[in-house]
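K.L.:
no sequence on this one, just coordinates:
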């Protein structure tokens, strides 16, 4: 959030993989990378695998808006 109180709008993209080559098993999905670009600030962030800073990022930006190109894929 900037000094004026405006919330950021984030464009996000994620990639997921399968642990232990267990393809098509939901319990085997694991994050590979999440990339985020602040559309107002131009800030660019990336979080690899189970980066503990990802939870902090979402907590710090819980009032912001997140946009995904193909949101169904991002929710898997």
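P.N.:
Yes, it's here. Because the structure is a prediction, the values reported are computed rather than measured.
K.L.:
Please point out which parts of the helix or strand that contains residue 17 sit buried.
P.N.:
Per DSSP states H and E: residue 17 is located in strand 9-18. For strand 9-18, the buried set under the neighbour-count rule, 16 or more other Cβ atoms under 10 Å, comprises 10, 13, 14. The way it works is simple: take the backbone N, C-alpha and C, and place the C-beta from them, glycine included.
K.L.:
and the gap between the last one and residue 6?
P.N.:
What that stands for is residue 14. Plainly put, residue 14 is 25 Å away from residue 6 if you go by Cβ to Cβ, to the nearest Å.
K.L.:
next one: the second one
P.N.:
Residue 13 sits 23 Å away from residue 6, going by Cβ to Cβ.
K.L.:
and the most centrally placed residue in the chain, what does it touch?
P.N.:
What sits nearest the mean C-alpha location of the chain, by Cα atoms, centre = their mean, is residue 34, with 4.4 Å. When contacts are counted by Cβ atoms under 8 Å, 6 or more residues apart in numbering, residue 34 is found next to 12, 13, 14, 46, 47, 54.
K.L.:
Identify the farthest-apart pair in those residues.
P.N.:
When the contacts of residue 34 are compared pair by pair using Cβ to Cβ, the farthest-apart members prove to be 13 and 54, with a separation of 13.8 Å.
K.L.:
quick one: which of the contacts of residue 34 is nearest residue 67?
P.N.:
Within the set of these, residue 12 lies nearest residue 67; the separation is 6.9 Å, counting by Cβ to Cβ.
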